[in-house]
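Participant: got a sequence here, can you model it:
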Amino acid sequence: MPSFKIFDIAGSGLSAQSVRLNTVASNLANADSVSGDPGSVYKARHPVFKAVHAALAATQGAAQSGPVVQVAGIVESHAAPTVRHDPGNPLADAQGNVYAPNVNVIEEMTDMISASRSYQNNVEVMNTAKDLMLATLKLGQ
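Facilitator: Just a heads-up that it's a prediction; the model follows:
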């Protein structure tokens, strides 16, 4: 039944925003971590979404035949780590430097608010569709 496709679309949006919220939480949790080696410092992660059209999903043999939002992958930031001079830190290198991830907490919080609002919007779409379907069923009474 085509009227139920809205639940597939909104559900895939919920799933995608959940991944986005998890990556933001991971970035915020590791924002203050330090390392003695610039190569092993935490790198911020960001999900990449793609919209899959109904015809394309059907040719790829996807379980859902309608248009959906998918997480294409999670990419790591290539930003250089922040160097801090902290010779008293046990992780400091020979020059007394420690390396912190280049995670902008303000940008991450903004991304978290945006993902949370998008999640709420998808929930509201599902609730509205449910209410409209129930109202349609009541028309026959």
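
Participant: from here on, just use CA atoms for contacts and neighbour counts.
Facilitator: OK.

Participant: give me the pLDDT for D37.
Facilitator: pLDDT, D37: 89.

Participant: state the three-state secondary structure for it.
Facilitator: coil (DSSP: H, G, I helix; E, B strand; the rest coil).

Participant: what's the burial count for it?
Facilitator: When counting by other C-alpha atoms under 10 Å, one arrives at 15 neighbours for D37.

Participant: excluding covalently adjacent residues, which one is nearest to it?
Facilitator: Spatial nearest neighbour of D37, excluding adjacent residues (C-alpha to C-alpha, 6 or more residues apart in numbering): Y99 at 6.6 Å.

Participant: now do I9
Facilitator: With C-alpha to C-alpha, 6+ apart, the residue lying closest to I9 is V68, at 5.0 Å.

Participant: if we can go back for a sec, now the residue nearest to D37, what's its secondary structure?
Facilitator: Y99 is classified as strand under three-state DSSP.

Participant: if I look at it, how far off is S77?
Facilitator: Using C-alpha to C-alpha, to the nearest Å, Y99 is found at 15 Å from S77.
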